[in-house]
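Q: Quick one, what's the 3D model for this:
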Amino acid sequence: CCCCLLLLSLLFVERMLSQAGRRLGAIPDLKTFMQRKSAIQLYRDMFRTIRMVDDAYYQEYLSDWVRREFKRNKGETSSAEIQGLLQRGRKQLDEFQQSMQLALS
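A: Sure, this is the predicted structure:
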């Protein structure tokens with residue numbers, strides 16, 4: 001009957017969604033998702049700016065520093081602390097980009 005088929009379909013979809021949820025882990029809330037997106041964007045922007053440096057040794061030094069800082073703060077869970085880290089990182093990036101623009105001009 002149609003009702004049985006619909007019920008079986010719904011149970012199948014529910015089961016698939018619960019399995020997908022277990023594989024993905026906890027789904028983050030919007031604020032956590034946005035902070036993660038901002039952190040990834042900051043990381044990428046830092047490496048894009050580092051590529052502008054002519055000195056290979058200094059490029060490697062800066063790349064190591066960025067990786068080390070992100071790894072050191074990877075486990076931070078406090079939303080306020082993460083926001084502060086992102087603001088400090090953006091400020092450092094802005095200062096670095098300004099100094100690169102001055103050096104290139």
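Q: Check the chain and tell me which residue is nearest its centre.
A: By C-alpha atoms, centre = their mean, the chain has its centre lying nearest to I40, at 3.0 Å.
Q: CA atoms of the host helix or strand of it as CSV?
A: Assigned by DSSP states H and E, I40 belongs to helix 30-50. What follows is helix 30-50, C-alpha atoms only, in CSV (Å, rounded to 0.1, in the frame of the first residue of the first chain):
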residue,chain,number,x,y,z
LEU,A,30,26.4,29.3,12.7
LYS,A,31,28.8,31.3,14.8
THR,A,32,31.3,28.4,14.9
PHE,A,33,30.9,27.9,11.2
MET,A,34,31.5,31.6,10.4
GLN,A,35,34.6,31.7,12.7
ARG,A,36,36.0,28.6,11.0
LYS,A,37,35.5,30.2,7.6
SER,A,38,37.2,33.4,8.8
ALA,A,39,40.1,31.4,10.2
ILE,A,40,40.6,29.6,6.9
GLN,A,41,40.3,32.8,4.9
LEU,A,42,42.9,34.5,7.2
TYR,A,43,45.3,31.5,6.8
ARG,A,44,45.0,31.7,3.0
ASP,A,45,45.4,35.4,2.9
MET,A,46,48.6,35.1,5.0
PHE,A,47,50.1,32.7,2.6
ARG,A,48,49.1,34.8,-0.4
THR,A,49,50.9,37.7,1.1
ILE,A,50,53.9,35.6,2.1
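Q: Buried residues, it. List them.
A: For helix 30-50, a neighbour-count test (16 or more other C-beta atoms under 10 Å) marks Q35, S38, A39, L42, Y43, D45, M46, T49, I50 as buried. Glycine gets a C-beta too; all of them are placed from N, C-alpha and C.
Q: what's around the nearest residue to the fourth one once chain neighbours are set aside, how many residues?
A: In this case it means L42. Leaving aside its sequence neighbours, L42 sits nearest to G89 (C-beta to C-beta, 6 or more residues apart in numbering; 5.0 Å). Residues near G89, counting by other C-beta atoms under 10 Å, number 20.
Q: in what helix or strand does D94 lie?
A: Assessed by DSSP H and E, D94 sits inside helix 79-104.
Q: Which positions in that helix come out as buried?
A: Neighbour counts over helix 79-104 (16+ other C-beta under 10 Å) mark I82, L85, L86, G89, L93, F96 as buried.
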